[in-house]
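A.B. asks: below are the sequence and a predicted model for it; my questions follow.
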Amino acid sequence: MKILGKNRGTNVPLSETVIELFIRLCGISSILFVFGIFFFVFREGADFLFGGLDLGQFLTSPEWYPTSLGNKRYGTLALILGTFSVTALAMLLAVPFGLGAAIFVSEFCSPKLRETFKIIIELLAAIPSVVWGFIGLTLMNQLIIKLFNAPIGLTMLNGSIMLALMSVPIIVSIAEDALKAVPDSYREAAEALGATRWQLIYRVLLPAAKNGLLAAVLLGAARSIGETMAVLMATGHSVNIPEGPLSWIRTLTATIAAELGEVARGGEHYQVLFIIGILLFTITFAVNLIADLVIKGIRKA
Amino acid sequence: MLKTFLNLILLSACCIGFGGCAPNGEMTATAQKSKQAIIKNKGSDTMVNLAQAWAEAYTDVSPTASVEVSGGGSGTGVAALINGTVDIANCSRQIKPMELAQATENTGKVPQEFIVGYDALAVYVHQDNPLDRISIRELAEIYGERGTLTKWSQLGIAHEDCPSDKIIRISRQSNSGTYFYFREALLGKTRDFALGSLDLHGSKDVVEVVERTPCAIGYSGMGYATEHVKMLDVAIESGAPYYAPNLQNVLDKTYPIARPLYMYSLGEPTGEVKNYLDWIFSREGQSIVEKLGFVPLENEGSP
């Protein structure tokens, strides 16, 4: 204890050293987890990735026939397009609602109403994705058939609505924090200059909070890309190049979830599913990197 | 701080996809302790989930026996039976007379046949669909690659509740046993299903979606029928007689997309093997048959 104390120049109790060590370990562990998971996923798929898989076909062919008896084909183009299109449509629906709700909660609400809103929004976040999927499978399916006269309601639109509902709470709570973080002096200054409420929000608050708002949107998007159960149930899970919001599609995550359970361990199909995992990893890393660069760019400007 | 948080969220979102994939073959391996009698059970891949479920449930029933299940196909099971290296062989087809003779000659025991359940698929359509029957030929053209039937009117019906007239194909994920069996029954071993079908996860979901989708056609275990869907009568080809998917027609072998599931033991089963088979025929064992989407031997208490 004395030696430790000497290093620090003051007397530090042992408990503090232990706690400090523990906290440091927590920090390091997140890095270990990232690499551990990546290593595991990569190891399971590496054999086939470097020996036998036609990468061109994998990325550009829509033909996904992993269990064909005569002619196995592992093309994921339809799945990649499915993932991107359903996420993009979900964000198109969720971002205006999410940011709008955040602005309302942080700027227009009375404190009492704000608390009620926050509780309800948190409740929305607590609904498990399988429940959303079930709503998509039953309620939304019929609703879309009736509203759009579609042959079936298990479509990209259905999945996107479910994803939007799931990512709105994330967007709202992070965006609201970002708006809250804008110093009140900004608001006071703007009002002193005679700005209307709309001018205050549009010209002062949004530019001041744009980093946090962007983070909110990207976290919502990440939630959508990674979501599995709801899209598995609501989008129709069909290998199909998406043509519009009413086409039935399949995503990368849903393919892994649906097929990994019944696949022979170590076989080609098993490994291809892990290669899809690697692909997902790459996509999320890319999204992450772009987010970092964009935020840095904004900071400089 | 925010960046780390962002990283973590992105990562965890990415990993959700790997959540539901716990290995399902490890229960029996851990259950094997020294003093236990081990029943070796091998064969049909269609039955491997069923056999696994039986084996897992049986560990609670009889702590002294443990069942070791492996797949590999009906042929592998029969080969093991001929070599005498297995106690029970699972088979989704009947044993051939030649195999029976080989096994008898090799082991000195006559394999005993047990039908433990049925794998019967019903073809489902929406209850407002005027179609009542369909042939295997027509199903092949609906589901198969380069199939020619894409509209309900091509089947000679006017389906008013489906304005687009489009046949929406409901299928299963591509490695389920149901998918394999239906594909083989319709298309043989060389042709694939066409892409663009809705590959649902689970027999129950198929019925649930067909129930709510006027344009849909789907296939699933007979046991999953509800009063809100219609099951079609099935014939091999359009001239041949049509049969309704019911237990009687399955037992008569007249319904074309059904097959019995067999288990073979070497000689008259004795000891733990006999206990195990007896338990499989019990209400509890047969309830597992139903739970996994197969047809149990007696139609008891199905909802």
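C.D. replies: Perfect, I can see it now.

A.B. asks: and the closest residue to chain B within chain A, how many neighbours does it have?
C.D. replies: The nearest approach of chain A to chain B comes at A:Gly226, 2.9 Å away (Cβ to the nearest Cβ). Just so you know, the C-beta spots here come from the backbone N, C-alpha and C atoms, and that holds for glycine as well. Neighbour count of A:Gly226, defined by other Cβ atoms under 10 Å in any protein chain shown: 24.

A.B. asks: what's the answer for B:Gly72, then?
C.D. replies: B:Gly72 has 16 nearby residues by other Cβ under 10 Å.

A.B. asks: what do you get for the one 10 residues further on?
C.D. replies: Counted by other Cβ under 10 Å, the residues lying close to B:Ile82 total 22.

A.B. asks: so who does the closest residue to B:Glu268 other than its chain neighbours touch?
C.D. replies: The shortest distance from B:Glu268 to any non-neighbouring residue, by Cβ to Cβ, 6 or more residues apart in numbering or on different chains, is to B:Gln112 (6.1 Å). With contact taken as Cβ atoms under 8 Å, 6 or more residues apart in numbering or on different chains, B:Gln112 is in contact with B:264-269.

A.B. asks: same check, this time on B:Lys189
C.D. replies: For B:Lys189, the contacting residues are A:69-70, taking Cβ under 8 Å, 6+ apart as the criterion.

A.B. asks: run the last query once more with 6 Å
C.D. replies: Counting by Cβ atoms under 6 Å, 6 or more residues apart in numbering or on different chains, B:Lys189 touches A:Leu69.

A.B. asks: which element is it on?
C.D. replies: With elements delineated by DSSP states H and E, B:Lys189 resides in a region that no helix or strand encompasses.

A.B. asks: next up, phi/psi of it, please.
C.D. replies: Backbone dihedrals for B:Lys189, given as degrees, to the nearest 10, come out at phi -100, psi 0.

A.B. asks: most widely separated two among the contacts of B:Gln112?
C.D. replies: B:Tyr264 and B:Glu268 (12.0 Å; Cβ to Cβ).

A.B. asks: which of the two has more residues huddled nearby?
C.D. replies: Neighbours around B:Tyr264 and B:Glu268, counted as other Cβ under 10 Å, are more numerous at B:Tyr264. The numbers are 23 against 10.

A.B. asks: near chain A, which residues of the stretch 201-303 of chain B?
C.D. replies: With Cβ under 6 Å from any Cβ of the partner chain as the criterion, the stretch 201-303 of chain B comes near chain A at residues B:201, B:212-213, B:215.

A.B. asks: what sits closest to A:Leu79 if chain neighbours are left out?
C.D. replies: That would be A:Leu252: by Cβ to Cβ, 6+ apart, it lies 4.9 Å from A:Leu79.

A.B. asks: and the one you found, what's its pLDDT?
C.D. replies: Looking at A:Leu252, its pLDDT is 94.

A.B. asks: to what extent is residue 233 buried, counted in neighbours?
C.D. replies: Just so you know, I chose chain A. When neighbours are counted by other Cβ under 10 Å, A:Met233 registers 30.

A.B. asks: wait, chain B was what I had in mind.
C.D. replies: B:Asp233 has 18 neighbouring residues, counting by other Cβ under 10 Å.

A.B. asks: how close does the residue nearest to A:Leu79 sit to A:Ile241?
C.D. replies: Using Cβ to Cβ, to the nearest Å, we find A:Leu252 at a distance of 14 Å from A:Ile241.

A.B. asks: those two: who's more crowded?
C.D. replies: Each of A:Leu252 and A:Ile241 had its neighbours counted (other Cβ under 10 Å), and the higher figure belongs to A:Leu252 (24 against 14).

A.B. asks: quick one, what contacts the more buried one?
C.D. replies: When contacts are counted by Cβ under 6 Å, 6+ apart, A:Leu252 touches A:79, A:83, A:276, A:280.

A.B. asks: next, count neighbours for the first one.
C.D. replies: This means A:Leu79. Close neighbours of A:Leu79, defined as other Cβ under 10 Å, add up to 23.

A.B. asks: residues of the biggest strand by length in chain B that come out buried?
C.D. replies: Residue-count comparison of every strand in chain B, with assignments taken from DSSP state E, identifies strand B:111-126 as the longest. Residues of strand B:111-126 classed as buried under the neighbour-count rule (16 or more other Cβ atoms under 10 Å in any protein chain shown) are B:111, B:114, B:116-126.

A.B. asks: out of the residues you listed, flag the one nearest to A:Leu113.
C.D. replies: Using Cβ to Cβ, B:His126 is the member of those that sits closest to A:Leu113, with 45.6 Å.

A.B. asks: okay, the closest one and B:Gly71: tell me how far apart.
C.D. replies: Here B:His126 is placed at a distance of 36 Å from B:Gly71 (Cβ to Cβ).

A.B. asks: got it, and A:Ile28?
C.D. replies: In this structure, A:Ile28 lies at 42 Å from B:Gly71, with Cβ to Cβ as the measure.

A.B. asks: and the two? which has more neighbours close in?
C.D. replies: Ranked by neighbour count (other Cβ under 10 Å), A:Ile28 and B:Gly71 place B:Gly71 first, with 20 against 10.

A.B. asks: where does the more buried one land in three-state SS?
C.D. replies: Using DSSP: H, G, I helix; E, B strand; the rest coil, the three-state assignment for B:Gly71 comes out as strand.
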